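Asker: The following comprises the amino acid sequence and a computationally predicted model.
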Amino acid sequence: MKTGLRVALLLGVVSVLAVSSSAQIADFGDTQRNERSADRLLSEFDSNHDGRVTRAEMNGIIGWRFAVATHRKGAMTYEEFLAARADAFRERNAEEFRSLDWNGDGKLTPAEFAAGQRARFVSLDRDGQGSVSCAVSGRNGGGRGGLSSFCADNDTNMDGRVTRAELDSAVAKRFAQATGGAAAMSLAQFQLSEQQRFATANARAFRRLDADGDGTLTVQEFGSSEIKSFARLDKNQDGILSADELHPRNTARADRQKKRYD
């Protein structure tokens, strides 16, 4: 076989493998995104706790939240959006606070406050070199705990990397700002710190939802993210997210185990 032909064949094999690998990574990313969406929809909209979410359940809760935030007006201002978002995240922040409060005394020490971010650093420092690259696309990039938000919080010199020293400095600064220099952080201070931390993300979210750009949100715009997630997960389009649609991997695993023991 001529050298040129061998090279062409090898390049062809490499190309096929690269495409296959890229497809697998994309599929895995889509699966993770869908599972996050499913967990959120189930936790927020399964009002009767039957393990399913109906479109009526979701629409009812979105409409109620909109009415409460706007005092039953037809449009939501940016300030009302921020208040509604703060309410939605308040319980999540409280749960996070309790998980960080290792000794259960109702307040956080600097070490307790830093624990979550340090654990995040370890998970992102894949090569164990003591720094996290902010330039890696598609890796843990989405969501509140994603790479992009981690770097925005902690890449203080804007060089595209977060070192352990940078992380410790940034976390210590946030702690001092939240507590006013006190030795411990209360739940209220933690919640306010988290609200301020995501102020820029909240502004981006509002602009993204404001489809007509008029500076206010209709109820349809306010709920558009959840509505799109519901439609994506509702494979049979029956208006109900069943257990197998919410967590298909769990269902598939259970089916395999059942077949194994039948």
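Answerer: All right, it came through fine.
Asker: Report the buried residues of stretch 90-103.
Answerer: 93, 96, 97, 100, 101 (16 or more other CB atoms under 10 Å). All C-beta atoms are positioned from the backbone trio N, CA, C, and that covers glycine.
Asker: what do you get for stretch 165-182?
Answerer: 166, 167, 168, 170, 171, 174, 175, 178, 179.
Asker: and which of those is nearest residue 205?
Answerer: Closest approach between the buried residues of stretch 165-182 and residue 205, by CB to CB: residue 174, at 21.2 Å.
Asker: From the buried residues of stretch 165-182, which land in helices?
Answerer: Of the positions in the buried residues of stretch 165-182, 166, 167, 168, 170, 171, 174, 175, 178, 179 sit in helices, assigned by DSSP state H.
Asker: and the first one, how far is that from residue 148?
Answerer: Using CB to CB, to the nearest Å, residue 166 is found at 16 Å from residue 148.
Asker: re the thing from before, quick check: of the ones in helices among the buried residues of stretch 165-182, which lies closest to residue 197?
Answerer: So of those, ranked by how close each gets to residue 197 (CB to CB), first place is residue 174, at 7.3 Å.
Asker: Turn the ones in helices among the buried residues of stretch 165-182 into CSV, including distance to residue 218 and pLDDT.
Answerer: CSV is the format used below for these (distance: CB to CB, whole Å; pLDDT from 0 to 100):
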residue, distance to residue 218, pLDDT
166, 42, 96
167, 41, 95
168, 44, 96
170, 38, 94
171, 39, 95
174, 35, 94
175, 39, 96
178, 35, 94
179, 39, 96
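Asker: okay if I get these as JSON lines plus distance to residue 154?
Answerer: Output for these, formatted as JSON lines (distance: CB to CB, whole Å):
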{"residue": "166", "distance to residue 154": "6"}
{"residue": "167", "distance to residue 154": "5"}
{"residue": "168", "distance to residue 154": "9"}
{"residue": "170", "distance to residue 154": "4"}
{"residue": "171", "distance to residue 154": "8"}
{"residue": "174", "distance to residue 154": "9"}
{"residue": "175", "distance to residue 154": "13"}
{"residue": "178", "distance to residue 154": "16"}
{"residue": "179", "distance to residue 154": "19"}
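Asker: still on that earlier bit, can I get the buried residues of stretch 90-103 in TSV with secondary structure?
Answerer: As requested, the buried residues of stretch 90-103 are exported to TSV (DSSP: H, G, I helix; E, B strand; the rest coil):
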residue	secondary structure
93	helix
96	helix
97	helix
100	helix
101	coil
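Asker: Among those, which pair sits farthest apart?
Answerer: 93 and 101 (12.2 Å).
Asker: Can you name the residues that contact residue 97?
Answerer: For residue 97, the contacting residues are 108, 187, 190, 191, by CB atoms under 8 Å, 6 or more residues apart in numbering.
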